[in-house]
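Chemist: How does the following fold in three dimensions:
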Amino acid sequence: MMRAIWNGVVIAETPRTKRVEGNHYFPPESVKREYLADSPTRTLCLWKGMARCCTLTVGGESRPDAAWYYPRPSPLARRIKTHVAFGSGVTVEGTREQAEPRVGG
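Modeler: Prediction:
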């Protein structure tokens, strides 16, 4: 199980993340959205597209732009669409479970 932890609180938890450029991208349903608020900050990656940033708030403490996601990634990055990654200060720990084998394929 993979977990993202900040300020002593698990803010995301999932059996599998998608790893891109050293970052673990958590599926949107695995993220506890009550800890995230959209930020006006946007960043551009030449191959992934435009990312939207989020401010993380836990226990009255905030960390601006500590998370990001790609709502409309480029075709090359479509596998991380709406998945959330966390930046410096957020601990990502655990062991990713193996993908389930495809049946009939």
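Chemist: Only C-alpha atoms from now on, for both contacts and neighbour counts.
Modeler: Will do.
Chemist: Name the spans of this protein whose pLDDT lies under the cut-off.
Modeler: 99-105 (pLDDT under 70).
Chemist: all strands of it, in order?
Modeler: Applying DSSP state E to the chain gives strands spanning 2-6, 9-14, 18-20, 23-25, 36-45, 49-58, 61-69, 84-86, 91-94.
Chemist: in the last one, what counts as buried?
Modeler: By that I understand strand 91-94. residue 92 (16 or more other CA atoms under 10 Å).
Chemist: Given it, what are its sheet partners and their directions?
Modeler: Here strand 91-94 is paired, per DSSP bridges, with strand 2-6 (antiparallel).
Chemist: do the same with the third one
Modeler: Take DSSP bridges as the rule and strand 18-20 pairs in its sheet with strand 23-25 (antiparallel).
Chemist: what sits up against the strand it pairs with?
Modeler: Contacts to strand 23-25, defined as CA atoms under 8 Å, 6 or more residues apart in numbering, come from residues 17-19, 80, 83-86, 92.
Chemist: among those, which two are most distant?
Modeler: Spatially, the most separated pair among these is 80 and 92, at 17.0 Å (CA to CA).
Chemist: one step back: if any of the contacts of strand 23-25 are buried, put those into a ChimeraX selection.
Modeler: Buried members of the contacts of strand 23-25, identified by 16+ other CA under 10 Å, are gathered into one ChimeraX selection as follows:
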select :17,18,80,83,84,85,86,92
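Chemist: Near residue 5, how many other residues are there?
Modeler: By other CA atoms under 10 Å, the residues close to residue 5 number 17.
Chemist: Without its sequence neighbours, what residue ends up closest to it?
Modeler: Spatial nearest neighbour of residue 5, chain neighbours left out: residue 91 (5.1 Å); criterion: CA to CA, 6 or more residues apart in numbering.
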